[in-house]
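> Mind looking at a prediction? Sequence and model below.
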Amino acid sequence: MTIPWTILGLLALAHVFAVVTPGPNNAFMLQTALRSRRAGVIAAAGIWPAGAIWAFLGLAGVGALIEQAPALAMALRIGGGVYLCWLGWRMISASLRPRAAAGARPAPESALGLFAQGFLTNFLNPKAIAYYTSVFAATGAYELTQPWRAFVIVAMPGIGFVWYVFLTFVVSSGMAQRGLSRAGFWIDRLAGATMILFGVKLLAMR
């Protein structure tokens, strides 16, 4: 079986640039990884299946169907905008609570809750289907055979997972924790404000 190196290489390169670009996922992961390495890895694991779903839908041509169903597109946009605003406010309100005493550790959040937050942050993004549809069209991915399509559906969000885990390990390292802990509540507020801005932008779209 011939390996379509050109298409796979272009997809990988495009997706690397996409996942490292500042956006809701990176803001969410930065704030989560500051809490703990465990929280960051679980949240990153939640982001992966949402990306796989969007990649599958993009290769299946669902993007064109959504464009022809304005009610569905609006529902996705409003749902994503409201969720991002809620999550952003949650981050900001958490930063306003009294800080824990020195040496005290907050109770860890449930794995299911962290996984769900990662999944929803990535899934409730109506721009995701537009991104996958356009990148597949630009790279010729629609010409791939079924086995290679399956590989792409797994590998593309896998690139994101590797990046978010890397970000988690960097942010949660001892040196970074010492440097960022003093500014932790400002980072929470910045991440929360970023999420709200993205949410408002989605809600304001026509």
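It's in.
> in which helix or strand would I find the residue nearest to the spatial centre of the chain?
The residue lying closest to the centre of the chain (CA atoms, centre = their mean) is Asn25, at 3.1 Å. For Asn25, the element it lies in under DSSP states H and E is helix 24-35.
> Now do the contacts for Asn25.
19, 47, 121-122, 160, 164 (CB atoms under 8 Å, 6 or more residues apart in numbering). Heads up, the C-betas are built off the backbone N, CA and C, glycines and all.
> in the helix holding Asn25, what's buried?
24-35 (16 or more other CB atoms under 10 Å).
> Among the contacts of Asn25, which pair sits farthest apart?
Val19 and Thr121 (13.1 Å; CB to CB).
> Looking at the two, which has the bigger crowd around it?
Between Val19 and Thr121, counted using other CB atoms under 10 Å, the more crowded position is Thr121 (25 against 21).
> I'd say Ile78 and Ala204 touch.
No. Ile78 is beyond contact range of Ala204, at 11.0 Å (criterion: CB atoms under 8 Å).
> and the two? which has more neighbours close in?
Comparing Ile78 with Ala204 by other CB under 10 Å, the one with more neighbours is Ile78, at 15 against 9.
> Three-state assignment for that one, please.
Following DSSP: H, G, I helix; E, B strand; the rest coil, we place Ile78 in the helix state.
> Which residue, other than its chain neighbours, is closest to it?
Leu203 (6.6 Å; CB to CB, 6 or more residues apart in numbering).
> who's in contact with the one helix or strand that neighbour maps to?
According to DSSP H and E, Leu203 maps onto helix 184-204. Residues outside helix 184-204 that contact it (CB under 8 Å, 6+ apart) are 22-24, 27-28, 30-31, 34, 77-78, 80-92, 94-96, 99, 126, 180.
> what angle do that helix and helix 24-35 make?
160 degrees (axes from the mean of the first three to the mean of the last three CA atoms, to 10 degrees).
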